[in-house]
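>>> My questions concern the predicted model and sequence given below.
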Amino acid sequence: MIRYILRRLLWVVFLLFAVSFITFVIFYLLPSADPAALRAGRQPNPELVATIRRQLGLDQPWYVQYGRYMKNLIFHFDFGFSYQNGVPVRQLIFSRLPASISLAAGAAVLWLVVGIGVGIIAAVRPRTKLDRASMGMALVGISAPVYWLGLVALYLFSSDIGLIPILPGANSYVPLSEDPFAWFTSLIMPWCVLAVSFAAFYSRLLRGNLTEVLSEDYIRTARAKGLSERRVVFRHGLRSAITPIVTIFGLDLGILLGGAILTETVFNIPGIGRLSYSSIVRSDLPVIQGTVLLGAFFIVFANLFVDIFYAFLDPRVRYE
């Protein structure tokens, strides 16, 4: 197991280097907006642009620029400075990260509880009215776009424009450190909107897997031994059926930690997704590169955690 983890960690380092290089090539070498011109503002003086290019080191060969960037990143954890306001990218990311973690973690708990619960109920009662109703609602949840659900939720339930004003609307996010209760209430609607499609997909996936597992021979053997139905479903059936859920959950959570752009934009939550969106609109290349690397970091480590967790979840999985 330890040797496998070490190999995976080396592979993670390689992937992060590859992502950083590809991102650097896309935003700095391919034909695009000149970073020096963006830094100089509208209708810049050519001499000012040339001066900024020298200050940023953009007049040097690309491999020198990339080497300097990686040196600062590895030894100083320095992502550079924003072209728009001169603020360190690391400071911008860390100031937005708590909001994205709050949104992703709360929504993940909600969609896991609802998705797994609905999936189990539908699997143990197949072809009943409850099964058909839950799977029909799940299909609607998968089909509904997140931004549309967010706008509908604001129109119905927000305290400022809602028909039933029971929840804080957009622009209401409060950091956890300032007021825990206001933080919780401000995220109820974004949590629900973000969790709908995930819970719907997880419930349908778990329902199909668990239905298939419950027809296996070892499940019939467990029932023949006199085990209770609850123990058969949760101890034997769910443990085998939930393995694909763990894989998808790791990827989904890693992606959302890198920024839920649509949800954060609709509810104006100051997270990584909102920062990425504004950086793309303003062509703020260092911030874009920093958020891309952060998203890649979360995804590859989520993959590593899921692979390691497999060995504890499924006894058949062994890493040599």
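Nice, I can see it.
>>> Can you tell me how far the spatially closest residue to Asp160 that is not a sequence neighbour is from Leu262?
Nearest residue to Asp160 in three dimensions, chain neighbours excluded: Gly169, at 4.7 Å (CB to CB, 6 or more residues apart in numbering). All C-beta atoms are positioned from the backbone trio N, CA, C, and that covers glycine. Counting by CB to CB, to the nearest Å, the gap from Gly169 to Leu262 is 17 Å.
>>> Just say helix, strand or coil for Arg7.
Secondary structure of Arg7, reduced to three states by DSSP: H, G, I helix; E, B strand; the rest coil: helix.
>>> neighbours of it, just the number please.
When neighbours are counted by other CB atoms under 10 Å, Arg7 registers 11.
>>> Quick check: the gap between Tyr63 and Asp78.
As judged by CB to CB, Tyr63 and Asp78 stand 19 Å apart.
>>> In terms of neighbours, single out the busier of these two.
Higher neighbour count among Tyr63 and Asp78: Asp78, with 15 against 8, using other CB under 10 Å.
>>> correct me, but the more buried one touches Pro88?
Yes: between Asp78 and Pro88 there is a contact under CB atoms under 8 Å: 7.3 Å.
>>> OK, contacts around Ala241?
Ala123, Leu206, Asn209, Leu210, Glu212, Val213 (CB atoms under 8 Å, 6 or more residues apart in numbering).
>>> One more pass at 6 Å, please.
For Ala241, the contact set (CB atoms under 6 Å, 6 or more residues apart in numbering) comprises Asn209, Leu210, Val213.
>>> can you put these in a markdown table and add pLDDT and secondary structure?
Below are the contacts of Ala241 laid out as a markdown table (pLDDT from 0 to 100; DSSP: H, G, I helix; E, B strand; the rest coil):
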| residue | pLDDT | secondary structure |
| --- | --- | --- |
| Asn209 | 90 | helix |
| Leu210 | 91 | helix |
| Val213 | 88 | helix |
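>>> Top of those by number of neighbours, please.
Ranked by neighbour count (other CB under 10 Å), the contacts of Ala241 have Leu210 at the top, with 24 neighbours.
>>> Can you give me the distance of that one to Leu97?
In this view, Leu210 and Leu97 are 36 Å apart by CB to CB.
>>> cool, Met189 as well?
Counting by CB to CB - Met189 and Leu97 are separated by 21 Å.
>>> So for those two, which sits in the more crowded spot?
Using other CB under 10 Å as the criterion, Met189 and Leu97 rank with Met189 on top: 26 against 16.
>>> That one sits in which helix or strand?
Using DSSP states H and E, Met189 maps to helix 180-213.
>>> what about the nearest residue to Leu176 once chain neighbours are set aside, neighbour count?
Nearest-residue entry for Leu176: Trp183, 4.5 Å, with adjacent residues in sequence omitted and distances by CB to CB, 6+ apart. Trp183 has 18 neighbours, counted by other CB under 10 Å.
>>> Next, the closest residue in space to Val87 that isn't next to it in sequence: phi, psi?
In space, and not counting its chain neighbours, Val87 is closest to Phe81: 6.8 Å by CB to CB, 6+ apart. Backbone geometry at Phe81, expressed as degrees, to the nearest 10, gives phi -120, psi 150.
>>> C-terminal to the helix or strand bottoming out on mean pLDDT in the chain, what's the next element?
Across the helices and strands of the chain, mean confidence by mean pLDDT, DSSP states H and E is lowest for helix 35-40: a mean of 73. Proceeding N to C from helix 35-40, the next assigned helix or strand is helix 46-56, under DSSP H and E.
>>> Which strands or helices does that following helix pack on?
On a contact count with 3 or more CB pairs under 6 Å, 6 or more residues apart in numbering; DSSP states H and E, helix 46-56 meets helix 35-40.
>>> Let's see the helix it packs on as PDB, backbone CA atoms only.
Output of helix 35-40 as PDB, limited to C-alpha atoms (Å, rounded to 0.1, in the frame of the first residue of the first chain):
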ATOM      1  CA  PRO A  35      -0.300  40.800 -20.900                       C
ATOM      2  CA  ALA A  36       1.700  43.900 -20.900                       C
ATOM      3  CA  ALA A  37      -0.900  45.800 -22.900                       C
ATOM      4  CA  LEU A  38      -3.600  44.600 -20.500                       C
ATOM      5  CA  ARG A  39      -1.500  45.800 -17.500                       C
ATOM      6  CA  ALA A  40      -1.000  49.200 -19.200                       C
END
